[in-house]
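> Provided below are the primary sequence and the corresponding predicted coordinates.
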Amino acid sequence: MSTHDHSKKSHEIIDSDCLEAFDHVYAYINGEIEDQQTLAKIEHHLSHCKSCFTRAEMERKINQRLKTAKESSPPEVLKKRLKHLIDDL
């Protein structure tokens with residue numbers, strides 16, 4: 001994967017690198033990539049592409065919040081309200 005410069009040809013290469021990196025970003029965030037070459041390419045790209053790094057960090061933070069939310073239980077009021085809505089269907 002390459003670093004960013006502002007030539008048209010470079011943007012074409014970078015765009016394909018960004019797409020390739022994001023094909024693997026969820027597996028990367030979840031620590032599921034075992035192939036060291038793929039891992040190194042993604043890390044190299046993220047260290048040189050601010051846009052992809054920012055998007056990957058956003059996804060990482062969303063995952064963290066979802067895990068935290070999954071660990072907590074919704075309030076009883078919400079549970080009752082949802083039960084009534086489902087029962088009315």
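Perfect, thanks for sending it.
> tell me the gap between stretch 43-58 and the middle of its chain.
Stretch 43-58 has its C-alpha centroid displaced from the chain centroid by 10 Å (CA atoms, centre = their mean, to the nearest Å).
> mind checking the end-to-end distance for it?
16 Å (CA to CA, to the nearest Å).
> and His45, how many neighbours?
His45 has 23 neighbouring residues, counting by other CB atoms under 10 Å. Glycine gets a C-beta too; all of them are placed from N, C-alpha and C.
> you'd agree it is up against Ala21?
Yes - assessed by CB atoms under 8 Å, His45 is found in contact with Ala21 at 4.5 Å.
> show the average pLDDT along the helix or strand harbouring Ala40.
Per DSSP states H and E: Ala40 is located in helix 36-48. On average, the pLDDT along helix 36-48 is 90.
> what packs against it?
Helix 36-48 is packed against helix 8-29, helix 50-71, with contacts defined by 3 or more CB pairs under 8 Å, 6 or more residues apart in numbering; DSSP states H and E.
> output these in JSON lines, with distance to Asp88 and mean neighbour count appended to each entry.
JSON lines is the format used below for these (distance: least, CB to CB, whole Å; neighbours: other CB atoms under 10 Å):
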{"stretch": "helix 8-29", "distance to Asp88": "37", "mean neighbour count": "15"}
{"stretch": "helix 50-71", "distance to Asp88": "26", "mean neighbour count": "12"}
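> of these, which shows the lowest average pLDDT?
Checking each of these, the one with the poorest mean pLDDT is helix 8-29, at a mean of 70.
> leaving out sequence neighbours, find the closest residue to the residue nearest the centre of the chain.
Residue closest to the mean C-alpha point of the chain, counted by CA atoms, centre = their mean, is Glu59 at 3.4 Å. Distance criterion CB to CB, 6 or more residues apart in numbering; nearest residue to Glu59, sequence neighbours excluded, is Ile29 at 5.7 Å.
> let me see the contact set for that neighbour.
For Ile29, the contact set (CB atoms under 8 Å, 6 or more residues apart in numbering) comprises Ala56, Glu59, Arg60, Asn63.
> next one: Ser51
Neighbours of Ser51 in contact, by CB under 8 Å, 6+ apart: Cys18.
> again, but for Leu46
With CB under 8 Å, 6+ apart, Leu46 has these contacts: Ala21, Cys52, Phe53, Ala56.
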